[in-house]
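Novice: Have a look at this prediction, sequence included:
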Amino acid sequence: MKYLEPSYFFDFESDPVQSLISEFSGKSLTDKEKTIELYTKVRDDWKYDPYNISLAKENYRASSIAQKSTGNCVEKSILLIAGLRAMRIPARLHLGKVKNHIAVDRLMEKFGSNELTPHGMVNVFLNNKWLKMSPAFNKTLCEKLNVEPLEFDGENHSFLQAYNSAGTRFMEYTADYGHFEDVPLEFMKKNIKEHYPHIFDTKEDITEFKL
């Protein structure tokens, strides 16, 4: 199956990705249990950071992301997919656009919008069906925002925190770009430049943006 293969981006044969999954290799776990444990690890051990954005190809390799302590939604999804494929669990990248309704002051200041695109999540194939899951928001951030962290149970989709704990609208999907076998970097670069031209559509040869 093509969703099990390594690639330039999903370089799961690398030492950093093998180290990521090493704690699961000695355990007698089902694919479902491995997925849940790895999902939780990526969700919480890499803090969510949407304000450091790279357009450089090498920075979207799972091996590079694994050596960081933070990541945005796409980066954390890439890392999770690489780890899953390394354990022979089919996985693919899914992209869309989301609108945030809580804690948007900094988003508005930096992006000029409360919409984030492209937003990344993961499709994993378990028990003969594809399930959506989003490892983006770490548990400590969710607690700070008064939002329940997304828990993945291996049976149901877990990709949208629609409301916070008080019942206030938190997030909604406004566009679905579909799923991808590999990281569609050129599509992502075009998408981000179209939506935030004041930041990314620069004539200069800049690949790193700290907002």
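Specialist: Nice, thanks for sending it over.
Novice: Identify all contacting residues around the lowest-mean-pLDDT helix or strand in the chain.
Specialist: For the chain, counting by mean pLDDT, DSSP states H and E, helix 105-111 ranks last in confidence among helices and strands (a mean of 89). Contacts to helix 105-111, defined as CB atoms under 8 Å, 6 or more residues apart in numbering, come from residues 50, 51, 100, 113, 114, 116, 196, 199, 211. Backbone N, C-alpha and C define where each C-beta goes, glycine included.
Novice: Mind doing that once more with 7 Å?
Specialist: 51, 100, 114, 196, 211 (CB atoms under 7 Å, 6 or more residues apart in numbering).
Novice: Show me the residues you listed that map onto strands.
Specialist: If you go by DSSP state E, the contacts of helix 105-111 have residue 100 in strands.
Novice: Can you flag the buried ones in the contacts of helix 105-111?
Specialist: 100, 114, 196 (16 or more other CB atoms under 10 Å).
Novice: Find the residue closest to the second one in space, skipping its chain neighbours.
Specialist: Distance criterion CB to CB, 6 or more residues apart in numbering; nearest residue to residue 114, sequence neighbours excluded, is residue 104 at 4.2 Å.
Novice: I figured the one you found hits residue 113, correct?
Specialist: No - taking CB atoms under 7 Å as the definition, residue 104 is not a contact partner of residue 113, at 9.0 Å.
Novice: Please spell out which residues along stretch 104-115 are buried.
Specialist: So stretch 104-115, judged by 16+ other CB under 10 Å, has buried residues 107, 111, 114, 115.
Novice: cool, and stretch 150-169?
Specialist: Under the neighbour-count criterion of 16+ other CB under 10 Å, stretch 150-169 has 150, 152, 154, 158, 159, 161, 163, 164 buried.
Novice: Distance check, the closest residue to the first one other than its chain neighbours against residue 86.
Specialist: Distances taken as CB to CB, 6+ apart place residue 158 nearest to residue 150, at 4.9 Å, with adjacent residues excluded. According to CB to CB, to the nearest Å, residue 158 and residue 86 sit 21 Å apart.
Novice: all strands in the chain, in order from the N-terminus.
Specialist: With DSSP E as the criterion, the chain has strands spanning 47-48, 52-54, 70-71, 91-100, 115-126, 129-133, 171-180, 208-210.
Novice: List the neighbouring strands of the longest one plus their orientation.
Specialist: What it means is strand 115-126. For strand 115-126, the paired strands and their directions (DSSP bridges) are strand 91-100 (antiparallel), strand 129-133 (antiparallel).
Novice: Between those strands, which one is closest to residue 3.
Specialist: strand 91-100 (5.0 Å; CB to CB).
Novice: gap between the closest one and the chain center?
Specialist: Remark: strand 91-100 is offset 8 Å from the chain centroid, using CA atoms, centre = their mean, to the nearest Å.
Novice: Then stretch 12-30?
Specialist: That offset, for stretch 12-30, works out to 19 Å (CA atoms, centre = their mean).
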